[in-house]
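1. give the three-dimensional model of this entry:
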Amino acid sequence: MTPPVGGIDPHQDTFTVGIVDPHGVEITHETFDNTAAGYVTAIELLDAAGVRQVGVEGSAKWGAHVAIALCAAGFDAREVPASRSAAQRRSRRLEKTDAVDAVASARALLAEPTLGPVQTLEVYDPLAAEIEAVLEHRRALVAARTLGLHHVADQISKLPAEIRGQLTSDDKIESRLRRLDRTDPAIDTTPAGAYRLEWLQAFIEADRTTRREIRRLERLIDELLDRHGTTLRDEDGIGPIAAATLLCEVGDPHRFDRESKFARWCGTGAVALSSGEGAANPVKHRLDSRGNRRINSVLHIASVTQARQQPQAAAYLARKATEGKTRREARRAHKRHLANRVIRKMWRDEQTRKQPHALAA
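-> Reported below is the predicted structural model:
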């Protein structure tokens with residue numbers, strides 16, 4: 001007999017568990033505190049109902065800790081994309097509540113039991129989780145610095161003419177800041193101009209500290225990747241940050257049992273946009289804009305880099321152009337080719353990493 005299936009809708013302070021029978025009929029739902037005590041009580045409820053497979057929506061965010069607790073307790077915890085649970089809710093024209101969302105997650109998993117495992121990296125590999133923590137720290141610093149530079153560019157345009165005359169408008173903002181740093185703070189100007197100059201020169205010093213910290217984090221990521229043993233950096237156009245992004249976004253690469261599934265997940269698998277061919281293969285395709293955009297961006301940068309540096313990549317793109325593909329279609333085809341190579345590398349790396357453990361056992 002098929003056991004019931006559970007679903008979890010997590011939030012910052014609470015999470016709701018919904019349980020459905022093999023036909024999708026709701027058995028029960030209950031809300032718990034998002035704490036260690038709440039995880040224990042929820043696991044007891046799932047055990048009592050005979051649940052073995054649980055779908056968690058947002059297992060990389062507010063559902064991370066409950067996902068870790070479920071895996072530690074021996075449950076088969078799967079990540080339920082928000083679009084899947086929303087589709088279950090809309091198909092029944094249900095209102096949106098925590099209880100409805102939890103039951104919808106369970107029904108989504110019941111309809112598609114091969115959904116990937118939870119995205120909590122602590123469950124998959126503590127080292128990958130450490131890489132993710134450092135990568136997110138760097139990402140936050142880069143985002144804050146970029147926002148600060150946008151504000152600085154606006155403030156430079158408001159400086160008095162005698163100060164702006166010493167700057168070159170054609171230079172990048174970093175170059176103008178270096179010139180501004182050498183400007184005499186005692187220059188005769190308006191009170192507003194003097195304040196802006198003082199503020200901008202203080203920003204320059206803080207920006208130096210931020211850049212030093214970003215470089216330190218990049219070196220740390222490189223060291224962690226060495227410990228991990230990944231070969232992703234051997235691929236032209238994939239540096240330490242891109243390799244770390246791939247490891248953290250993909251998690252366990254074996255959740256993709258085929259190259260086509262990985263390509264569809266990261267948005268490099270072309271979507272058919274054609275009709276009238278009957279049983280023949282579709283002629284036209286379009287971009288899949290619903291894939292993982294971070295991974296898609298990594299593959300795009302790698303494709304552009306290889307087209308500049310590798311004769312084989314340039315020849316591949318040229319050949320696609322002779323086959324009647326547009327420049328964008330040729331680029332998408334190359335990204336699809338790169339996606340295959342990336343997931344193969346990740347499969348091989350994962351197998352290599354597991355071999356010492358298998359021999360030790």
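2. every contact and neighbour count from this point should use C-alpha atoms.
-> Noted.
3. that's a helix at I8, yeah?
-> No - judged by DSSP: H, G, I helix; E, B strand; the rest coil, I8 forms no part of a helix; its state is strand.
4. what about it, neighbour count?
-> When neighbours are counted by other Cα atoms under 10 Å, I8 registers 33.
5. please apply the same query to I156.
-> 21.
6. for it, give me its contacts.
-> Residues in contact with I156 (Cα atoms under 8 Å, 6 or more residues apart in numbering) are R164.
7. ditto for P4
-> 19-22, 49-52.
8. let's see that with 6 Å instead.
-> Applying Cα atoms under 6 Å, 6 or more residues apart in numbering to P4 gives the contacts 20-22, 51.
9. quick check: end-to-end length of stretch 49-65?
-> For stretch 49-65, the first-to-last residue distance is 22 Å (Cα to Cα, to the nearest Å).
10. checking the spatially most central residue of the chain next. Helix, strand or coil?
-> What sits nearest the mean C-alpha location of the chain, by Cα atoms, centre = their mean, is E249, with 4.4 Å. Judged by three-state DSSP, the three-state class of E249 is helix.
11. from A99, how far out is it?
-> From E249 over to A99 the distance is 29 Å, taken as Cα to Cα.
12. doesn't G18 lie inside a helix?
-> No - going by three-state DSSP, the assignment for G18 is strand, not a helix.
13. and it, how close does it get to V118?
-> From G18 over to V118 the distance is 17 Å, taken as Cα to Cα.
14. now swap in K345 and tell me
-> For K345, the distance to V118 - Cα to Cα - is 22 Å.
15. ok so, going back, quick check: closest non-adjacent residue to the residue nearest to the centre of the chain.
-> Spatial nearest neighbour of E249, excluding adjacent residues (Cα to Cα, 6 or more residues apart in numbering): I295 at 7.5 Å.
16. is it correct that that neighbour falls within a helix?
-> Yes - under three-state DSSP, I295 sits within a helix.
17. in the longest helix seen in the chain, what counts as buried?
-> Across the chain, the helix with the greatest residue count (assigned by DSSP state H) is helix 191-228. Buried residues in helix 191-228, counted by 16 or more other Cα atoms under 10 Å: 193-194, 196-197, 200-201, 203-204, 207, 210, 214, 217-218, 220-222, 224-225, 228.
18. if we can go back for a sec, ok, and the most crowded of the contacts of P4?
-> Using other Cα under 10 Å as the neighbour test, the contacts of P4 are led by V20, with 25 neighbours.
19. for it, give me the pLDDT.
-> As predicted, V20 sits at a pLDDT of 95.
20. could you double-check that it sits in contact with T28?
-> No - between V20 and T28 there is no contact under Cα atoms under 6 Å: 7.2 Å.
21. how about stretch 202-209 as CSV, C-alpha atoms only?
-> Only the C-alpha atoms of stretch 202-209 are listed here, as CSV (Å, rounded to 0.1, in the frame of the first residue of the first chain):
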residue,chain,number,x,y,z
ALA,A,202,35.7,59.1,3.2
PHE,A,203,33.8,56.7,0.8
ILE,A,204,37.1,56.1,-1.1
GLU,A,205,38.8,54.9,2.0
ALA,A,206,35.8,52.6,2.9
ASP,A,207,35.8,51.3,-0.7
ARG,A,208,39.4,50.3,-0.4
THR,A,209,38.6,48.3,2.7
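22. helices along this structure, start to end?
-> Using DSSP H, the helices of the chain run over 36-49, 64-72, 82-91, 98-111, 121-124, 126-156, 161-164, 173-181, 191-228, 240-250, 259-266, 293-309, 311-322, 327-360.
23. pick out the shakiest of the ones you listed, pLDDT-wise.
-> The bottom spot among these, by mean pLDDT, belongs to helix 161-164, with a mean of 73.
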